[in-house]
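Visitor: Here's my sequence, what's the structure:
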Amino acid sequence: KEQQKKIKKAERAVAESEKKIGEMGARLKELDTILCSPENASNMELITEYTSTKKVLDEEVERWEKLSEELEALQ
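Guide: Below you'll find the predicted structure:
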């Protein structure tokens, strides 16, 4: 019973992480499109948002990998 509780919690954490990754990936794609237009190519605000989103996305992917491994270990 305790094991199933841990598995449920791990599954929830993996699902939340996947959702965040999806949202950030979509935002990066959006920013990439915006930054490709000449009038926005040197917009530092957008460039800063892109780089910070990319950094957070990379961290979240690492977190997701760790959570997935933990979930597999529990199952």
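
Visitor: can you pull the contacts of Ile47?
Guide: Residues near Ile47 by Cβ atoms under 8 Å, 6 or more residues apart in numbering: Leu35. Quick note: C-beta positions are derived from backbone N, CA and C, even for glycine.

Visitor: quick one: which helix or strand includes Glu72?
Guide: helix 44-74 (DSSP states H and E).

Visitor: Quick check: buried residues in that helix?
Guide: Using 16 or more other Cβ atoms under 10 Å as the test for burial, helix 44-74 gives 49-50, 53, 57, 60, 63-64, 67, 70-71.

Visitor: could you redo those as a markdown table and give each row pLDDT and distance to Ala15?
Guide: Shown next, in a markdown table, are the buried residues of helix 44-74 (pLDDT from 0 to 100; distance: Cβ to Cβ, whole Å):
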| residue | pLDDT | distance to Ala15 |
| --- | --- | --- |
| Glu49 | 97 | 26 |
| Tyr50 | 97 | 26 |
| Thr53 | 97 | 21 |
| Leu57 | 98 | 17 |
| Glu60 | 98 | 13 |
| Arg63 | 98 | 13 |
| Trp64 | 98 | 10 |
| Leu67 | 96 | 10 |
| Glu70 | 95 | 14 |
| Leu71 | 94 | 10 |
